[in-house]
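# I would like the atomic coordinates for the input below:
(2 chains)
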2 protein chains.
Amino acid sequence: MYDILKKVNGPEDVKKLNAEELNILAADIRDALFNRLTKIGGHFGPNFGIVEAEIALHYVFNSPHDKFVFDVSHQSYPHKMLTGRKNGYIDDSCFKDDSGYTNPEESEHDLFNIGHTSTSISLASGLVKARDLKGGNENVIALIGDGSLTGGEALEALDFAGSEIHSNFIIIVNDNQQAIAECHGGICKHLDELRKTKGSAENNFFKTLGLDYIYEENGNDIQAMIKVLQKVKDIDHPIVLHINTQKGKGYKLAEDNREAWHWCLPFDKATGKPTISFGSGENYTTLARDYIMNKAQKDKDFVVITPAMPMTAGLTPDLRQKLGEQYVDTGIAEEHAVAMASGIAKAGGKPLVVTNSTFIQRTYDQVSQDVCINNNPVTILLNYTSFDGLTDVTHLGIFTIAAFANIPNLVMLAPSSKEEYLNMLDWAVEQNKHPVMILIPGNEITSRAADKNYDAINTFKIEQSGEKVAILALGDFYQRGEELARQVEKKLGFKPTLINPRFASGIDEAMLQNLPKNHQLIITLEDGILDGGFGQKIAAFYGASDIKVKNYGLQKVFYDRYNPQDLLRQLGMTSEQIIEDIKKLL
Amino acid sequence: MYDILKKVNGPEDVKKLNAEELNILAADIRDALFNRLTKIGGHFGPNFGIVEAEIALHYVFNSPHDKFVFDVSHQSYPHKMLTGRKNGYIDDSCFKDDSGYTNPEESEHDLFNIGHTSTSISLASGLVKARDLKGGNENVIALIGDGSLTGGEALEALDFAGSEIHSNFIIIVNDNQQAIAECHGGICKHLDELRKTKGSAENNFFKTLGLDYIYEENGNDIQAMIKVLQKVKDIDHPIVLHINTQKGKGYKLAEDNREAWHWCLPFDKATGKPTISFGSGENYTTLARDYIMNKAQKDKDFVVITPAMPMTAGLTPDLRQKLGEQYVDTGIAEEHAVAMASGIAKAGGKPLVVTNSTFIQRTYDQVSQDVCINNNPVTILLNYTSFDGLTDVTHLGIFTIAAFANIPNLVMLAPSSKEEYLNMLDWAVEQNKHPVMILIPGNEITSRAADKNYDAINTFKIEQSGEKVAILALGDFYQRGEELARQVEKKLGFKPTLINPRFASGIDEAMLQNLPKNHQLIITLEDGILDGGFGQKIAAFYGASDIKVKNYGLQKVFYDRYNPQDLLRQLGMTSEQIIEDIKKLL
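Numbers count the residues shown, from 1 in each chain, chains lettered A, B, ... in the order given. All right, here's what the predicted structure looks like:
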């Protein structure tokens, strides 16, 4: 097994193989992908579809002299195997060595940590510029999937490259006719047309921008790919190489259901069934899904908008179909999704934007300018906001509060139970005074009575009245606050006050003013970085008073693939550790 | 004077005019523009060029039933005059009534507060979506200048509109062949081609995206514009109407020098000379300019990148020419500019990105993902970071610290003197360990010895040792700190400690640990909002100690066209007010 792959310790070994061996190498790589993905899961379709192209890239070019930049880099597994990192795939004990994305700390063949879409052309154009300033002669190659082409950063970079770059630059558009979900947008349809005409259509998007263009129909044929890459190698101007590949190639189930197999849990190869499960019961995603479907039916002004992340709210293809005109997938175009929502709200619609928190970062300016300055009632519902959601450095949810809660007019809600979550969601969609951002809790569902109305912005809720210590436990750290309160009572012999702030973007001055009467210490707990976050607002409020404040949360750090529970301990955030602090401070 | 304009109190009055009267109206509007702009300045070229088009828009369509969205909205002055707001132009006592941008608080004919580029198509597509959900029949018209088409948000929206909208939507591309500076990018060159072929070129960018397209050569001819607008009115699908207009039309000086006359100070109509001056001496912009020109000559790895804002660093056309390959204007494409800089830094170049702070907001995700996760040594130099720089609600610089200082790895520097500014700039460009953002001070230049080396990240500097009160005065509020320290000594009889933090993105824990020994109160002063800012980090650091902290800065508010000095007083930030606070707190 892996006979050829085992011989490949770097790109130089790929170049020694003949055509037959290269094909065996492709099969070996797919076997290695199966080995890793059946056992620990990961990005499936993007990697299975790009095997031949990446073999050809390393056959034709000389990495790291020649430079590859992979968009999102979730399709870089074959590249990794070819650049000395096959053990991350064929040796189960080495799975952890591999980040799942390109990573300069792993290899000189990886130029950037990349995890968001639509960045490769921009990043690579910088490599081009530096090369030209320094008089180098290396090829610079950006690989971008068709789904990523709809992102503003990629479009800006294409526009730039077509006019302002006059030297070697190879942009490979890996057209597998799919984003995570189906593709949306004019470019997507245009790629269809280019494919149908084998690249010969008169009207050519890339050419209108000033880019040279070439089409390769057989993107999953190593020899065809070698031939076309040899043609563009050392070219003296920017060119788009449009290749046609099959997402998930080599596994029938994935070829037939590209959306389901974009990413996979550990699975059984024979049946395709996941070998682990997260329980099929209610969770915060199914709650969002059910709310959306129910609301859409009752209220024709309600519309869900997602920048290519429908599964964030559990919206499967059949549900999207059912939503009809009340569902908008903008493609990977976060900025447009948020600005469009502002327009909808202005005209009396009830827009709900759903995506992952790490991707909403792309819309800081749209949230600020298009939405919040205009105070249009857009609701943005964010998944994976928690420190124990996604732990890859490029996908952390821990910056959301610091990034957005300091934008004026935006009401950021941090629900702490199922009831609160649903009530907040419904309130946000129904009211017409505020832009609202809601952080989906990362916890298992808990249940507790909650208010229906949140018109009184920045009013915190005292869930338990006590003395000496007041615990302000925000959002999905509320349960940690409950646990801490219990432990304080048990171990320190008094009942502390427990407060559910509910609002992450402001403080309840009236309530805070009262706390010093029978409290000496305020504890804040939040699921996000401390810098710029919620707790620091509380500390600042009490800065000139005698009451003490201690903030608990995460550090301003790009954590990467950490164990969440270890991290909490390391940060001194377990109940036991906090109680030790309380003892010292009282 | 203004005979016809005076008769126009709303769009219905425009419709009553005959062809000759409409031409007189255009002349009246230009006279009114001269009246306002010669006296108080404002956007010149964009408004002079669009007079005929906006008259025709109001002649053909029925605002506010039909809906106009103006990109940047700096070209909306004629629209304002035609919708009941002519007094803001012809009556000097009413100049202040008019915001200079579209503003829903002024008129039902303005849908959004807009000041950033590239947003109109997205916002308008939201109006389209809501109309279709509600079964309305109004026309939705987005007007966008050619320079704005390079922005990612606009490109995302075009891609979306071409494929996902199947109802009335009119996108007017106002092609005046100019951004603020010259246009850059493939689209810009493509528009040239479309103009040359009068819109008949086979290869058509808009059509590749699925959009219908029509060209009008005579964008400054009212009758021609009426005719073409009547043709597209009530159209049942999205169409791009590409109009050719002359920026600055009607004033020879502006027609001949489009960059200089994009925006103007009050000026003398006969000579075009400004009637006020800001002094021709050294300022922080000329310092940046001189540094750049000098550095570029000495170091071929150094490259300046700007998203269409060269004047931010004083880079006039001749200086840009001189910089040659060491100057990159990406067009209005902030995301690409920052990501490209990361690529340049990765490959050993020394990139300096220059723009205004309000526009860097568009790059939150690029700064975080493309630059900071990769820790590439990009330097970003920001102008108009101060509360007394730009006071329009869409252009405030007061959010920069809160938005960016909480991104890990980013070193944010806040210089407080000429020497510190230049030393920091040179250090940032030369070092290769950190991404750096530098806030250009808003003050007049002051001079004071400063360190050359900032390798010791987050080390504050004690500029004056004292007792009882420590004043941490950040960046361009350092001079306020100096003044406060003098007043404290004079009025309270002791010498306070004065600290120049220099770093806005972190705290000097070692120094702060020592302050409680001989201080009871810490005062922080910062030129930005308090929420998420610098002072709150200090308050949090001392939260559990006995020392008191009081933060001074701006509120989390979208201030609009305020008097900066009044605002400071209102916020209790004058030295006198702070001294009263100190008395109470000591």
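
# what residue ranges in chain A score low on pLDDT?
By pLDDT under 70, the low-scoring segments of chain A are A:278-279.

# Sheet-wise, list the partners of the longest strand along it with their directions.
With residue count as the measure and DSSP state E as the assignment, chain A has strand A:519-529 as its longest strand. Taking DSSP bridges as the criterion, strand A:519-529 forms sheet pairs with strand A:468-473 (parallel), strand A:548-554 (parallel).

# Next secondary structure element downstream of it?
Past strand A:519-529, further along toward the C-terminus, the next helix or strand under DSSP states H and E is helix A:534-541.

# and that following helix, which residues are buried?
The neighbour-count criterion (16 or more other Cβ atoms under 10 Å in any protein chain shown) identifies A:Phe534, A:Gly535, A:Gln536, A:Lys537, A:Ile538, A:Ala539, A:Ala540, A:Phe541 as the buried residues of helix A:534-541. Glycine gets a C-beta too; all of them are placed from N, C-alpha and C.

# A:Val469 versus the last one, what's the distance?
Meaning A:Phe541. For A:Phe541, the distance to A:Val469 equals 17 Å [Cβ to Cβ, to the nearest Å].

# Equivalent analysis for the second one, please.
Distance, A:Gly535 to A:Val469, using Cβ to Cβ: 15 Å.

# Are we agreed that A:Asp13 is in a strand?
No: counting by DSSP: H, G, I helix; E, B strand; the rest coil, one finds A:Asp13 to be helix, located in no strand.

# My read is that it contacts A:Lys6, right?
No: with contact defined as Cβ atoms under 8 Å, A:Asp13 does not reach A:Lys6; the gap is 10.1 Å.

# if you count what's nearby, which of those two comes out ahead?
Looking at A:Asp13 and A:Lys6 with other Cβ atoms under 10 Å in any protein chain shown, you find the greater number of neighbours at A:Asp13, namely 16 against 12.

# need the contact list for the more buried one.
A:Lys7 (Cβ atoms under 8 Å, 6 or more residues apart in numbering or on different chains).

# so A:Ile214 sits in a helix?
No: the assignment for A:Ile214 (three-state DSSP) gives strand, which keeps it out of a helix.

# quick check: domain ranges of chain A?
Under the assignment automatic domain parsing, the domains of chain A span A:3-264, A:284-439, A:461-585.

# Show me the one of the ones you listed that comes nearest B:Asp527.
With respect to B:Asp527, and counting by Cβ to Cβ, the nearest of the domains of chain A is domain A:284-439 at 15.3 Å.

# end to end, how far does the closest one reach?
This stretch, domain A:284-439, spans 11 Å end to end (Cα to Cα, to the nearest Å).

# tell me the SS of A:Gly324?
helix.

# contacting residues for the residue of the stretch 201-350 of chain A found nearest chain B?
For the stretch 201-350 of chain A, the nearest residue to chain B under the criterion Cβ to the nearest Cβ is A:Gly343, separated by 1.9 Å. With contact taken as Cβ under 8 Å, 6+ apart, A:Gly343 is in contact with B:Val69, B:Ser122, B:Leu123, B:Ala124, B:Ser125, B:Gly126, B:Leu127, B:Val128, B:Lys129, B:Ala130.

# when you check these against the helices, which ones overlap?
Secondary structure of the contacts of A:Gly343 is defined by DSSP state H; positions in helices are B:Ser122, B:Leu123, B:Ala124, B:Ser125, B:Gly126, B:Leu127, B:Val128, B:Lys129, B:Ala130.

# gap between the fifth one and chain A?
With distances defined as Cβ to the nearest Cβ, to the nearest Å, the gap from B:Gly126 to chain A amounts to 2 Å.

# what's the burial count for that residue?
Number of residues near B:Gly126 (other Cβ under 10 Å) recorded here: 34.

# Report the contact partners of A:Lys346.
A:Asn374, A:Asn376, B:Leu111, B:Phe112, B:Leu123, B:Gly126, B:Leu127, B:Ala130.

# 6 Å - rerun?
For A:Lys346, the contact set (Cβ atoms under 6 Å, 6 or more residues apart in numbering or on different chains) comprises A:Asn376, B:Leu111.

# in chain A, which helix has the most residues?
When chain A is parsed with DSSP H, its longest helix is helix A:19-40.

# Report the separation between A:Phe267 and A:Tyr364.
For A:Phe267, the distance to A:Tyr364 equals 37 Å [Cβ to Cβ].

# Show me which of those two is the more surrounded one.
Comparing A:Phe267 with A:Tyr364 by neighbour count (other Cβ under 10 Å), the higher total belongs to A:Tyr364, at 25 against 20.

# now the more buried one, nearest residue through space, not along the chain?
When the adjacent residues along the chain are set aside, A:Tyr364 lies closest to B:Tyr364, with 3.6 Å between them (Cβ to Cβ, 6 or more residues apart in numbering or on different chains).

# how would you label the one you found: helix, strand or coil?
When the structure is reduced to helix, strand and coil (three-state DSSP), B:Tyr364 reads as helix.

# got the buried residues for stretch A:250-262?
Neighbour counts over stretch A:250-262 (16+ other Cβ under 10 Å) mark A:Gly250, A:Tyr251, A:Leu253, A:Ala254, A:Glu255, A:Arg258, A:Glu259, A:Ala260, A:Trp261, A:His262 as buried.

# which residues sit in contact with the fourth one?
Spelled out, it's A:Ala254. In this structure, A:Ala254 makes contact with A:Phe44, A:Gly45, A:Gly248, A:Trp261, judged by Cβ under 6 Å, 6+ apart.

# what about the closest residue to A:Leu253 other than its chain neighbours, how many residues close to it?
The spatially closest residue to A:Leu253, leaving aside those adjacent along the chain, is A:Gly272, at 4.3 Å (Cβ to Cβ, 6+ apart). For A:Gly272, the tally of surrounding residues (other Cβ under 10 Å) stands at 17.

# Ramachandran coordinates for A:Gly272?
phi 80, psi 0 (degrees, to the nearest 10).

# Pull the distance from stretch A:147-157 to the chain's centre.
Using Cα atoms, centre = their mean, to the nearest Å, the mean C-alpha position of stretch A:147-157 is found 16 Å from that of the whole chain.

# what about that stretch and chain B, touching?
Yes: with Cβ under 6 Å from any Cβ of the partner chain as the measure, stretch A:147-157 is seen reaching chain B through A:Thr150, A:Gly152, A:Glu153, A:Leu155, A:Glu156, A:Ala157.

# hang on, the earlier thing: please convert the contacts of A:Ala254 to a markdown table, extending it with distance to A:Tyr454 and secondary structure.
Rendered in a markdown table, the data for those read as follows (distance: Cβ to Cβ, whole Å; DSSP: H, G, I helix; E, B strand; the rest coil):
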| residue | distance to A:Tyr454 | secondary structure |
| --- | --- | --- |
| A:Phe44 | 41 | coil |
| A:Gly45 | 41 | helix |
| A:Gly248 | 44 | coil |
| A:Trp261 | 40 | coil |
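
# From those residues, keep the buried residues only.
Under a neighbour-count criterion of 16+ other Cβ under 10 Å, the subset of these counted as buried comprises A:Phe44, A:Gly45, A:Gly248, A:Trp261.
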